[in-house]
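Colleague: What follows is a predicted protein model with its sequence.
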2 protein chains.
Amino acid sequence: MKAVINTLYEAKLAELKEKIDAESIPVQLTIVTVGDDPASKVYVRNKVRLFEALELPCHHIILPEEGTTQADLDGLAEKADHPILFQLPLPNGLEAPDLPAAVDVDGFGSEALGQLVLGQNPVLPCTVQAAIDIVEAHCGEYSFPGLKVAILGRSNIVGKPLAIELINRQSTVSSFNSRSDLAAVDWNQFDVIVVATGFHGTLDNTQFIEGQLIIDVGINRIDGKLVGDIKHQDGHLSAAAITPVPGGVGRLTCLNVLGNAVKLCQSK
Amino acid sequence: MKAVINTLYEAKLAELKEKIDAESIPVQLTIVTVGDDPASKVYVRNKVRLFEALELPCHHIILPEEGTTQADLDGLAEKADHPILFQLPLPNGLEAPDLPAAVDVDGFGSEALGQLVLGQNPVLPCTVQAAIDIVEAHCGEYSFPGLKVAILGRSNIVGKPLAIELINRQSTVSSFNSRSDLAAVDWNQFDVIVVATGFHGTLDNTQFIEGQLIIDVGINRIDGKLVGDIKHQDGHLSAAAITPVPGGVGRLTCLNVLGNAVKLCQSK
């Protein structure tokens, strides 16, 4: 899978660069962080670097953990006239403002999600778009109707919007969560399994068969090492195609922040 | 099932009456119809009668098929300061305006649907609420987490929002559509099957077993007779609980228009 991801990444990046140049799209992004969550730092750095590499403006607003109020965040959201994102998690019970779809580069707000249900969304949440990209690259652009997809996890930022997007694309979608009896499920009935629970070991790589595509959305730190939600048993080489962690979904997610910013800045 | 539905209907109606009186909620509704679709007439009449029986104002605006423009509908939507619905289907390519959630008694608009994805919706689409009510009445209020539910059909007004609501309630949800290979599915693995395809005979009553709850959302007219999406084979009495058509989901859906109007008028 590493090669598929790399090819996909390079192709998408080249396409975005060409589009920005050809149509002179004034792409820019504002990232707001509060405090200094270490994982957030890495994610934000990757986004900033990507924009810098393309010489596109990326404004990074860093607010102190101490003293930042909900009104500060809401004020930034109200003023936003181009794509903006509030890097999660936010400390002290602060909540990301519910952004209008026109500047909601993450696609997490209620306006973008409502449009998603109706199939009228300008962008998808970046990780959802990454999963869609991987299915397209591996199974083919026209593979979605009738495709049997399992989604483990029902978060507002991955599991739920991915289920909705796949239903829009006429896939047969099964949504599992922490209350599902996972041990009783025949995982081999699915063409694609997306694991987005945030728990390492939700499934393991001995449970899949040839022909299956397994998309591992998780990023967990275990004994100082980054691992996904799929446990790779020592010495077992799965016959299924499994996206790597790191260097899989996360890499494409970062690229899709740029892709979404391009879409939003283009349609202005 | 007929008894369960009747009990549920009467209990909900009594509860709503009591709530309206006790809290003096100024409930009212506006229904807009365009032209004279015969099925719509029946649905609208049922809603009007329900409001009349409770001596609650229900304004019915009837626009001619000839000459009514999108701007006419959008104008009514903009002026709405209390619950309103545009009875579907609309003729001549007219579209129901995308209502603000505060007056969107059907819960079909993008604002209400976006809030649904985030679990913050004031109301559910009336048929979705009916399906939820039936599961609660038959399986119990606390049955949703881990409940295995199949949904056939992926419409914006039933299948998709029902899938989202059940995912919110931690059910294990499988969504099927016209591109799914229905013949290959083991239907007996599900606790609840909701059929909302609009096609009579999507499944038939010989396919279910004892302990299953089958919710038939369809209303089809075959040889002048109203039938659901489930085909009832001559002489076969299913061991499963199957909601009747008519007198099942549709009856509760109509009541839920009142229920949603109460919620919206209460929260003003």
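Modeller: Okay, I see it.
Colleague: how about the helices in the stretch 51-200 of chain A?
Modeller: For the stretch 51-200 of chain A, helices defined by DSSP state H, counting those that start in this stretch occupy the ranges A:70-79, A:110-117, A:126-139, A:159-168.
Colleague: So which of these is nearest residue B:81?
Modeller: Residue B:81 sits nearest to helix A:110-117 of all the helices of the stretch 51-200 of chain A, at 21.4 Å, using Cβ to Cβ. Where C-beta positions appear, they are placed from N, C-alpha and C, glycine not excepted.
Colleague: So for the closest one, mean pLDDT?
Modeller: Mean per-residue pLDDT for helix A:110-117: 98.
Colleague: contacting residues for residue A:82?
Modeller: The neighbours of residue A:82, taking Cβ atoms under 8 Å, 6 or more residues apart in numbering or on different chains as the test, are A:28-30, A:103, A:264-265, A:268.
Colleague: Out of the residues you listed, grab the one that's most surrounded.
Modeller: With neighbours defined as other Cβ atoms under 10 Å in any protein chain shown, the most crowded of the contacts of residue A:82 is residue A:29; it has 25 neighbours.
Colleague: Contact partners for the residue of chain A found nearest chain B?
Modeller: For chain A and chain B, the shortest gap (Cβ to the nearest Cβ) falls at residue A:114, measuring 2.8 Å. Shown in contact with residue A:114 (Cβ under 8 Å, 6+ apart): B:109-117.
Colleague: Tell me which two of those residues sit farthest apart.
Modeller: B:109 and B:117 (13.1 Å).
Colleague: Downstream of the lengthiest helix in chain A, the next helix or strand is which one?
Modeller: Looking across chain A with DSSP state H, the single longest helix is helix A:2-22. Counting by DSSP states H and E, the next helix or strand C-terminal to helix A:2-22 is strand A:29-34.
Colleague: Give me the mean pLDDT for that following strand.
Modeller: Taken as a whole, strand A:29-34 has an average pLDDT of 98.
Colleague: Next, the angle helix A:70-79 makes with that strand.
Modeller: Relative orientation of strand A:29-34 versus helix A:70-79 (axes from the mean of the first three to the mean of the last three Cα atoms, to 10 degrees): 180 degrees.
Colleague: Convert strand A:29-34 to PDB, retaining C-alpha atoms only.
Modeller: Output of strand A:29-34 as PDB, limited to C-alpha atoms (Å, rounded to 0.1, in the frame of the first residue of the first chain):
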ATOM      1  CA  LEU A  29      -5.300  29.300   5.100                       C
ATOM      2  CA  THR A  30      -5.500  30.400   8.700                       C
ATOM      3  CA  ILE A  31      -4.800  27.800  11.500                       C
ATOM      4  CA  VAL A  32      -5.700  28.600  15.000                       C
ATOM      5  CA  THR A  33      -4.100  26.700  17.900                       C
ATOM      6  CA  VAL A  34      -4.600  27.200  21.600                       C
END
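Colleague: neighbouring contacts of it?
Modeller: Contacts for strand A:29-34 (Cβ under 8 Å, 6+ apart): A:40-41, A:44, A:47-48, A:51, A:56-65, A:68, A:73, A:76, A:80, A:82-87, A:90-91, A:94, A:105, A:257-258, A:261.
Colleague: One more: stretch A:185-198?
Modeller: A:127, A:131, A:135, A:139, A:147-153, A:155, A:158-159, A:162, A:174, A:176, A:178, A:202-203, A:207-209, A:211-218, A:220, A:228-230.
Colleague: likewise stretch A:201-208?
Modeller: A:152, A:182, A:187-188, A:193, A:195, A:214, A:218, A:229-233, A:236, A:238-240, A:242.
Colleague: Can you say which of those residues are buried?
Modeller: A:152, A:182, A:187, A:193, A:195, A:214, A:218, A:229-232, A:238, A:240, A:242 (16 or more other Cβ atoms under 10 Å in any protein chain shown).
Colleague: can I get the residues you listed in TSV with pLDDT?
Modeller: Converted to TSV, these look like this (pLDDT from 0 to 100):
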residue	pLDDT
A:152	98
A:182	97
A:187	98
A:193	98
A:195	98
A:214	98
A:218	96
A:229	98
A:230	98
A:231	97
A:232	96
A:238	93
A:240	96
A:242	98
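Colleague: Residue A:69: neighbour count?
Modeller: By other Cβ under 10 Å, neighbour count at residue A:69 equals 11.
Colleague: got it, and the one 10 residues further on?
Modeller: Around residue A:79 there are 10 other residues, counting by other Cβ under 10 Å.
Colleague: For the strand or helix carrying residue A:48, the averaged confidence score.
Modeller: Element membership of residue A:48 [criterion: DSSP H and E] is helix A:38-53. Averaged over helix A:38-53, pLDDT sits at 93.
Colleague: Could you check the angle it makes with strand A:29-34?
Modeller: Going by the same axes, to 10 degrees, helix A:38-53 makes 160 degrees with strand A:29-34.
Colleague: So which bits of chain A are right by chain B?
Modeller: A:109-120, A:145-146, A:154, A:156, A:159-161, A:163-164, A:167-168, A:170-181 (Cβ under 8 Å from any Cβ of the partner chain).
Colleague: where in the stretch 1-150 of chain A is pLDDT low?
Modeller: Along the stretch 1-150 of chain A, the model assigns pLDDT under 70 to no residue.
Colleague: and the gap between the closest residue to residue A:158 other than its chain neighbours and residue B:176?
Modeller: In this structure, residue A:158 finds its nearest non-sequential neighbour in residue A:196, 4.4 Å apart by Cβ to Cβ, 6 or more residues apart in numbering or on different chains. According to Cβ to Cβ, to the nearest Å, residue A:196 and residue B:176 sit 22 Å apart.
Colleague: ok so, going back, using PyMOL, define a selection of the buried residues within the contacts of strand A:29-34.
Modeller: To isolate the buried members of those in PyMOL, using 16+ other Cβ under 10 Å:
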select buried, chain A and resi 40+44+47+51+56+58+63+68+73+76+80+82+83+84+85+86+87+90+94+105+257+258+261
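Colleague: Take the contacts of strand A:29-34 and keep only those in strands.
Modeller: Within these, residues falling in strands by DSSP state E are A:58-63, A:84-86.
Colleague: can you tell me the distance between the two ends of stretch A:175-191?
Modeller: 14 Å (Cα to Cα, to the nearest Å).
Colleague: again, but for stretch A:47-61
Modeller: End to end - Cα to Cα - stretch A:47-61 spans 13 Å.
Colleague: Domain map for chain A?
Modeller: A:2-123+A:251-266, A:126-246 (automatic domain parsing).
Colleague: Most tightly packed of those domains?
Modeller: domain A:126-246 (a mean of 19; mean count of other Cβ atoms under 10 Å in any protein chain shown).
Colleague: now that domain: how far from the chain's centre is it?
Modeller: 13 Å (Cα atoms, centre = their mean, to the nearest Å).
Colleague: try stretch A:91-106
Modeller: 16 Å.
Colleague: and what of stretch A:86-100?
Modeller: Per Cα atoms, centre = their mean, the centroid offset for stretch A:86-100 relative to its chain is 17 Å.
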